[in-house]
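A.B. asks: with the sequence up front, the predicted model follows.
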Protein chains: 2
Amino acid sequence: MTHAINLQHKFDLFHEQWLPKVIAEMNDYQFKLARLQGEFIWHSHADTDEAFIVIEGCLRIELRDGSVTLNAGEMYVVPKGVEHRPCAAQEVKLLLIEPRGVANTGDQGGERTAANDVWI
Amino acid sequence: MTHAINLQHKFDLFHEQWLPKVIAEMNDYQFKLARLQGEFIWHSHADTDEAFIVIEGCLRIELRDGSVTLNAGEMYVVPKGVEHRPCAAQEVKLLLIEPRGVANTGDQGGERTAANDVWI
């Protein structure tokens, strides 16, 4: 693959929310795009940090002891083991970076667990 | 740290080119900002892929068998072991993601090797 990956063009290829799509890999890490709106479930990832970069919109990451608000061009890394809940009043477009195989619902599982390793 | 990292605010804190600054870590990976202009040296990283995301401007990554041009909002992952040379006619602002400890000059070393692990 010797062409640039255009994030906006990739976002144009899907419109479903809460279902991250893989767009690239770096070693055993993946870059995933997601559209989120509403409130997710509280969860954590016991074995890994998780990086969020907001491309468009506004994301609030609730933590047990506060929250972090990310606007476009802002990022945050949720440390491993830290419970968090992503929320977005309006749709937010997000770039996630995390190791291959990490489930969106972390340790919680359940009906909101997205299919993993779906490329776009 | 429970606040967002604003990429543009971080760029405003430095103006030197070719000297990546660490802004965040995810496990043993680092997020680094860099300003580049001109031509770098040919090099490769034997042990790791390297991800480039252009925040502002235009970056051309020359490869031995072609090149990739990245505009703002575009990314590319240079596979491990692949020789590459970043070039930018005008200054480009870049987000790099790679394991902690990776030198900007890879296997080549030399005078253009930047101090590593410099946070901003």
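C.D. replies: Perfect, thanks for sending it. Numbering: from 1, shown residues only, chains lettered A, B, ... in the order given.
A.B. asks: what separation do you get for A:Ala103 and chain B?
C.D. replies: Distance, A:Ala103 to chain B, using CB to the nearest CB, to the nearest Å: 17 Å. Backbone N, C-alpha and C define where each C-beta goes, glycine included.
A.B. asks: tell me the contacts of that residue?
C.D. replies: A:Gly109, A:Thr113, A:Ala114, A:Asn116 (CB atoms under 8 Å, 6 or more residues apart in numbering or on different chains).
A.B. asks: try it again with 6 Å
C.D. replies: For A:Ala103, the contacting residues are A:Thr113, by CB atoms under 6 Å, 6 or more residues apart in numbering or on different chains.
A.B. asks: a strand runs through it, doesn't it?
C.D. replies: No: assigned with DSSP: H, G, I helix; E, B strand; the rest coil, A:Ala103 falls outside any strand and is coil.
A.B. asks: for the residue nearest to the spatial centre of chain A, helix, strand, or coil?
C.D. replies: Ranked by distance to the mean C-alpha position of chain A (CA atoms, centre = their mean), the top residue is A:Leu96 at 4.0 Å. At A:Leu96 the chain is in strand, as set by three-state DSSP.
A.B. asks: tell me the SS of the residue nearest to A:Trp42 when sequence neighbours are not counted?
C.D. replies: Counting by CB to CB, 6 or more residues apart in numbering or on different chains, A:Trp42 lies nearest to A:Arg85, which is 4.7 Å off, once chain neighbours are set aside. For A:Arg85, the assignment made with three-state DSSP gives strand.
A.B. asks: hmm, back to that, now do the contacts for the nearest residue to the residue nearest to the centre of chain A once chain neighbours are set aside.
C.D. replies: Computed as CB to CB, 6+ apart, the closest residue to A:Leu96 that is not its neighbour in sequence is A:Lys32, at 4.4 Å. By CB under 6 Å, 6+ apart, A:Lys32 lies in contact with A:Pro20, A:Val22, A:Leu96.
A.B. asks: now do the second one: how many residues are near it, please.
C.D. replies: A:Val22 sits with 17 neighbouring residues when counted by other CB atoms under 10 Å in any protein chain shown.
A.B. asks: quick check: mean pLDDT of the strand or helix carrying it?
C.D. replies: Following DSSP states H and E, one finds A:Val22 within strand A:21-26. The pLDDT scores in strand A:21-26 average 98.
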